[in-house]
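Q: show me how the following folds:
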Amino acid sequence: MTIISWIILGLLAGAIAKFLLPGRDPGGFIGTTLIGVAGAFIGGWISSRWLDHPIAKSFHDGATWAAAIGGSLVLLIAYRILFGNSRN
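A: Below is the predicted model:
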């Protein structure tokens, strides 16, 4: 997959993570989508590094999507814990 594919995957993973974890985010929509992009990269890296599942070359691989969404959820939870009270 190209870097553009990972960015698109990250944007979609961020939206799915936001759907799975509703509520107010300190960064709003832009922050959530950027967290989704970063989560896709981190989830893919964790999947290939420690879970012994190489990242597929296909955009439609379910494990790649699961890693991206999982990474987005982890980053979104960490972001809410760290900066959750900054937006009242």
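
Q: just the buried positions in the lowest-mean-pLDDT helix or strand in the chain, please.
A: The weakest-scoring helix or strand in the chain, judged by mean pLDDT, DSSP states H and E, is helix 28-49 (a mean of 78). In terms of neighbour count (16 or more other C-beta atoms under 10 Å), helix 28-49 has its buried residues at 31-44, 47. The way it works is simple: take the backbone N, C-alpha and C, and place the C-beta from them, glycine included.

Q: for that helix, which outside residues touch it?
A: 6-7, 9-15, 17-18, 25, 27, 53-55, 63-64, 67-76, 79 (C-beta atoms under 8 Å, 6 or more residues apart in numbering).

Q: quick check on those: which are buried?
A: 6, 9-15, 17-18, 25, 27, 53, 55, 64, 67-76, 79.

Q: so which of the residues you listed sit within helices?
A: Among those, the members found in helices (DSSP state H) are 6, 9-15, 17-18, 64, 67-76, 79.

Q: how about the contacts made by the residue most central in space within the chain?
A: Centroid-nearest residue in the chain: Ser72, 2.3 Å away (criterion: C-alpha atoms, centre = their mean). Residues near Ser72 by C-beta under 8 Å, 6+ apart: Gly10, Ala13, Gly14, Ile16, Ala17, Ile35, Gly36, Gly39, Ala40, Gly43.

Q: ok, 7 Å please
A: Contacts were defined as C-beta atoms under 7 Å, 6 or more residues apart in numbering; by that measure Ser72 touches Ala13, Gly14, Ala17, Ile35, Gly36, Gly39, Ala40, Gly43.

Q: Ala68 too?
A: Contact partners of Ala68, counting by C-beta under 7 Å, 6+ apart, are Leu9, Gly10, Ala13, Gly39, Ala40, Gly43, Gly44.

Q: against Ala78, how distant is the fifth one?
A: Ala40 is 15 Å from Ala78, where distance means C-beta to C-beta, to the nearest Å.

Q: ditto for the first one
A: Between Leu9 and Ala78 the distance, using C-beta to C-beta, works out to 20 Å.
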